[in-house]
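J.: Let's see this in three dimensions:
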Amino acid sequence: QVQLVESGGGLVQAGGSLILSCAASGRTFSDYTMGWFRQAPGKEREFVASIHGRGDNAYYADSVKARFTISRDNAKNTVYLQIHSLKPEDTAVYYCAADVRGSKANYWGQGTQVTVSS
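T.: Residues are numbered from 1 along each chain as shown. Have a look, this model is predicted:
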């Protein structure tokens, strides 16, 4: 079992930046591909980014590739999502996930709300 707790969400003006954090506990953190997903109001949850256990490979949805950066600190059992140039369409609940396999994951956090005002 893996427990995930996100933090760092909030209300931000368009053009601003944010760093989301996800602290993991349970199984060996570095064993898992970690990721971030988001769900906007009225839409399905979508993949945002993922990063392999050693942090050597990262993948992004095309819609965020230029503005989002995923990273991890295995010593702290934490994964991060840096978001730059925020847009109102980035408004969503952002979920941390562990054991990411494509668009799916076996473990989920409870989510953190990001709201971008125009």
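
J.: Show me which residues of the helix or strand hosting S21 are buried.
T.: Assigned by DSSP states H and E, S21 belongs to strand 18-26. Along strand 18-26, these residues count as buried under the neighbour rule (16 or more other CB atoms under 10 Å): 18, 20-24. C-beta coordinates here come from the backbone N, C-alpha and C atoms, glycine included.

J.: quick check, distance from whichever helix or strand comes after that strand to the centre of its chain.
T.: Remark: after strand 18-26, the chain's next helix or strand is strand 34-39, criterion DSSP H and E. Mean-position distance between strand 34-39 and its chain equals 4 Å (CA atoms, centre = their mean, to the nearest Å).

J.: G109 and S118: what is the separation?
T.: Taking CB to CB, to the nearest Å as the criterion, G109 is separated from S118 by 27 Å.

J.: which one of these two has more residues nearby?
T.: Applying other CB atoms under 10 Å to G109 and S118 shows that G109 carries more neighbours, namely 22 against 9.

J.: Go ahead and produce PDB holding the CA coordinates of stretch 70-85.
T.: The C-alpha trace of stretch 70-85 is given here as PDB (Å, rounded to 0.1, in the frame of the first residue of the first chain):
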ATOM      1  CA  ILE A  70       7.600  17.000 -12.900                       C
ATOM      2  CA  SER A  71      10.400  16.000 -10.600                       C
ATOM      3  CA  ARG A  72      11.000  13.800  -7.600                       C
ATOM      4  CA  ASP A  73      13.200  13.500  -4.600                       C
ATOM      5  CA  ASN A  74      13.500   9.900  -3.600                       C
ATOM      6  CA  ALA A  75      15.300  10.800  -0.400                       C
ATOM      7  CA  LYS A  76      12.200  12.700   0.700                       C
ATOM      8  CA  ASN A  77       9.600  10.400  -0.800                       C
ATOM      9  CA  THR A  78       8.200  13.400  -2.600                       C
ATOM     10  CA  VAL A  79       7.100  14.200  -6.200                       C
ATOM     11  CA  TYR A  80       6.600  17.700  -7.400                       C
ATOM     12  CA  LEU A  81       4.800  19.500 -10.200                       C
ATOM     13  CA  GLN A  82       6.000  22.900 -11.200                       C
ATOM     14  CA  ILE A  83       3.400  24.900 -13.200                       C
ATOM     15  CA  HIS A  84       4.300  28.100 -15.000                       C
ATOM     16  CA  SER A  85       2.300  30.600 -17.000                       C
END
